[in-house]
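Q: here is a sequence with its predicted model. Questions after.
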Amino acid sequence: MADLKKRYYPKIAEEVYLATLDNGMSLSIIKKKGFIEKAAFLSTNFGALDNRFYIDGKLQTYPAGIAHFLEHKLFEDDQGRDVTLDFVKLGADVNAFTTLDRTTYYFS
């Protein structure tokens with residue numbers, strides 16, 4: 001794992017630990033004093049406006065709504081079963097949302 005760098009914000013008296021993983025993903029960890037619940041967010045730079053891509057030099061166009069569709073597909077296994085039930089069994093809550101320029105998944 002990449003080295004974590006600590007950043008302190010004196011105005012709000014909080015520390016944030018930051019790293020960039022080997023795959024380029026940014027990681028931020030914020031420890032909230034007095035909180036018991038833990039939450040994780042995974043945000044991608046892929047949103048409602050993203051439906052045209054160059055693949056091997058050729059323009060590929062996908063239907064409007066592809067990001068939102070893929071948002072839902074992440075919560076399915078290979079057989080099409082809803083895996084959010086597996087998270088619920090562990091006491092976790094999962095959800096996601098798509099904006100114009102990103103899709104975010106969150107778990108708590």
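A: That came through, no problem.

Q: dump the residue contacts of the nearest residue to A19 once chain neighbours are set aside.
A: Distances taken as Cβ to Cβ, 6 or more residues apart in numbering place A2 nearest to A19, at 4.1 Å, with adjacent residues excluded. All C-beta spots, glycine's among them, are computed from the backbone N, C-alpha and C. Contacts of A2 were listed using Cβ atoms under 8 Å, 6 or more residues apart in numbering, and they are A19, T20, L21, D22, L27.

Q: assign A2 to helix, strand or coil.
A: On the three-state scheme (DSSP: H, G, I helix; E, B strand; the rest coil), A2 is labelled coil.

Q: ok, and the most crowded of the contacts of A2?
A: With neighbours taken as other Cβ atoms under 10 Å, the top of these is A19, carrying 14 neighbours.

Q: sorry, back to before: what about the contacts of A2, which are in strands?
A: Residues of the contacts of A2 located in strands (DSSP state E): A19, T20, L27.

Q: in what helix or strand does the residue nearest the centre of the chain lie?
A: The centre of the chain sits closest to L42, judged by Cα atoms, centre = their mean, with a distance of 1.6 Å. Take DSSP states H and E as the rule and L42 turns out to sit in strand 40-44.

Q: and if you look at G91?
A: Counting by DSSP H and E, G91 is found in no helix or strand.

Q: next: the one 5 residues further on.
A: When elements are defined using DSSP H and E, A96 is found to belong to strand 94-98.

Q: now that strand against strand 40-44, angle please.
A: 30 degrees (axes from the mean of the first three to the mean of the last three Cα atoms, to 10 degrees).

Q: ok, residues contacting strand 94-98?
A: 47-48, 67-68, 71-72, 74-75, 84, 87, 103-107.

Q: whichever of those end up buried, select them in PyMOL.
A: Burial among the contacts of strand 94-98 is assessed by 16 or more other Cβ atoms under 10 Å; the matching PyMOL selection reads:
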select buried, resi 47+48+67+71+75+87+103+105
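
Q: okay, among the contacts of strand 94-98, which ones form the most distant pair?
A: A48 and F87 (25.1 Å; Cβ to Cβ).

Q: just the ones of the contacts of strand 94-98 in strands?
A: Those of these lying in strands (DSSP E): T103, T104, Y105, Y106, F107.
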